[in-house]
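Undergrad: Sharing a sequence plus its predicted fold:
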Amino acid sequence: MVAASIVKNASSESGGITAISGISSNILIVDDRKENLIATEKVLKNLDSTIFKAGSGNEALSLMLRHRFAVILLDVQMPEMDGFETAALMQDHESMRGVPIIFVTAISKEEKYATQAAAIGAVDYIFKPINPEILRSKVKVYIDLYRQHEQILQLNKTLSQSNEELERFAYICSHDMQEPVRMMNSYADILNEEYRQFLDARAQKYLEFIKGNASHLQKMIFDILTFSRVGREEPRTEHIDCNQMVREVLEEFKPVIERKQAHIACDPLPGLEGCPTLMHVLFQNLIGNALKFQDGSRQPTISIQVEFANGEWTFSVQDNGIGIDPAFNDRVFAIFQRIHRKEDYPGTGIGLSTCKKFVEFYGGKIWFQSAPGKGSIFFFTILDHTRVAS
């Protein structure tokens, strides 16, 4: 809920203090005739908006440099600078561009004038004498749109700040938790090495539980740190040999690959300028998931491919694993969201959310195609301005 605010009725002739609820908005009335300004202000005064009045195009431009407006009512026929010239200058200035302009005129009703107004960017073209109810309803529409837009901007800003605070908290907590978890693991190793002969089967089983959970916690802390670093640290950009990157990731998974007798095929991959951490996280998670989400009924087969189009590389990692039920599609990239039981497929539920955050931070996209029992294909795009072939 947006707090109530107090705004000033800042007409060029008189002022006052009016309390209004919600997001404040400004209306600009431009007319060279004082009586028209007063009459229009009277029609619009109950719209809970601050009304500014200008007697010329130059005065209107000056006000627009100092204030933001929800809508402008602009007279067409004015001396020195008419409404069309004034509107054209407004559209040329970045800070004024896009403000809805309603032309108000008593001159010819020929279609060419309305067409000229539309070409400049006017949202409406109405004739004098003005029906007060119609004018008020038209202006109210644009005030409501402006307030809705401002509310969305405020909500986005609040959400962004909350996300930043949450990620900062996660970063600090995860960083501080590393040492006690490391000590837990170390002392469990000492117990296992020096006192194992004194422990019965049940005690040894409990010790394995301690070590297993400590290792899982270490992995979760590492994943949270990786996730929270995205956008917080300066990206390190350098030349990446993607073939070498995949070889390094496959070496990490060598015990799993050998145990499952997985077959992995990889296209010749490009060299590109980018963030090595990004590419490592992507290949590590996508290849790791392709190896992990198998039911043991067939030999795991993984295919890594790449295409170049429209200035970006599209990588894909395809597997013949268990696939993903469409009912869970919206959870795949959500942090801490798991589709399967931890006992069946261990993990932290952070990997793919980190991939998505990384890819989008660097201007790319990530998505997938999958069906239960038919495997999955994960795609991601990486912008590359050099297109250096390996």
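TA: Cool, got the structure.

Undergrad: residue boundaries of the strands in the stretch 251-390 of the chain?
TA: In the stretch 251-390 of the chain, the segments counted as strands under DSSP state E, counting those that start in this stretch are 263-266, 271-274, 301-309, 312-319, 366-370, 376-383.

Undergrad: Then the stretch 1-150 of the chain?
TA: 5-10, 15-20, 26-30, 50-54, 71-75, 101-105, 124-127.

Undergrad: helices and strands around the fifth one, which ones?
TA: With contacts defined as 3 or more CB pairs under 8 Å, 6 or more residues apart in numbering; DSSP states H and E, strand 71-75 has these neighbours: strand 26-30, helix 83-92, strand 101-105, helix 132-194. Bear in mind the C-beta positions are built from the backbone N, C-alpha and C, glycine included.

Undergrad: and among the ones you listed, the most buried is which?
TA: strand 26-30 (a mean of 24; mean count of other CB atoms under 10 Å).

Undergrad: Tell me the strands beside it, with direction?
TA: strand 50-54 (parallel), strand 71-75 (parallel) (DSSP bridges).

Undergrad: check contacts around residue 65.
TA: 93, 95-96 (CB atoms under 8 Å, 6 or more residues apart in numbering).

Undergrad: and the strands paired with strand 26-30, which is most packed in?
TA: strand 71-75 (a mean of 28).

Undergrad: Pull the residues that contact that strand.
TA: Residues contacting strand 71-75 (CB under 8 Å, 6+ apart): 27-33, 36, 40, 60, 83, 86-87, 90, 99-105, 122, 135, 139, 142-143, 146.

Undergrad: and residue 362, backbone torsions?
TA: Residue 362 adopts backbone torsions of phi -100, psi 20, taken as degrees, to the nearest 10.

Undergrad: number of nearby residues for it?
TA: Residue 362: 16 surrounding residues under other CB atoms under 10 Å.

Undergrad: Check it and give its pLDDT.
TA: Residue 362 is assigned 78 on the pLDDT scale.

Undergrad: correct me, but it touches residue 275?
TA: Yes - the criterion here is CB atoms under 8 Å, and residue 362 meets it with residue 275 at 6.5 Å.

Undergrad: which stretches of the stretch 1-150 of the chain have low pLDDT?
TA: 1-22, 107-114 (pLDDT under 70).

Undergrad: picking up where we left off before, kindly reformat the strands paired with strand 26-30 as JSON lines containing distance to residue 301.
TA: What follows is the strands paired with strand 26-30, written out as JSON lines (distance: least, CB to CB, whole Å):
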{"stretch": "strand 50-54", "distance to residue 301": "67"}
{"stretch": "strand 71-75", "distance to residue 301": "61"}
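
Undergrad: So for residue 314, which of those sits nearest?
TA: Among these, the nearest to residue 314 by CB to CB is strand 71-75 (44.2 Å).

Undergrad: quick one: the closest one to helix 132-194, angle?
TA: 150 degrees (axes from the mean of the first three to the mean of the last three CA atoms, to 10 degrees).

Undergrad: closest to residue 250 among the contacts of residue 65?
TA: Residue 250 has its nearest neighbour among the contacts of residue 65 in residue 95, at 53.6 Å by CB to CB.

Undergrad: Now do the domain split for this structure, please.
TA: 5-130, 156-229, 238-383 (automatic domain parsing).

Undergrad: do you know which of the ones you listed lies nearest residue 150?
TA: When the domains of the chain are compared by CB to CB, domain 5-130 sits nearest residue 150, at 4.7 Å.

Undergrad: Excluding sequence neighbours, find me the nearest residue to residue 264.
TA: residue 302 (4.6 Å; CB to CB, 6 or more residues apart in numbering).

Undergrad: can you pull the contacts of the one you found?
TA: Contacts of residue 302 (CB under 8 Å, 6+ apart): 262-265, 287, 290-291, 317-319.

Undergrad: For the stretch 251-390 of the chain, give me the ranges with low pLDDT.
TA: 335-349, 384-390.
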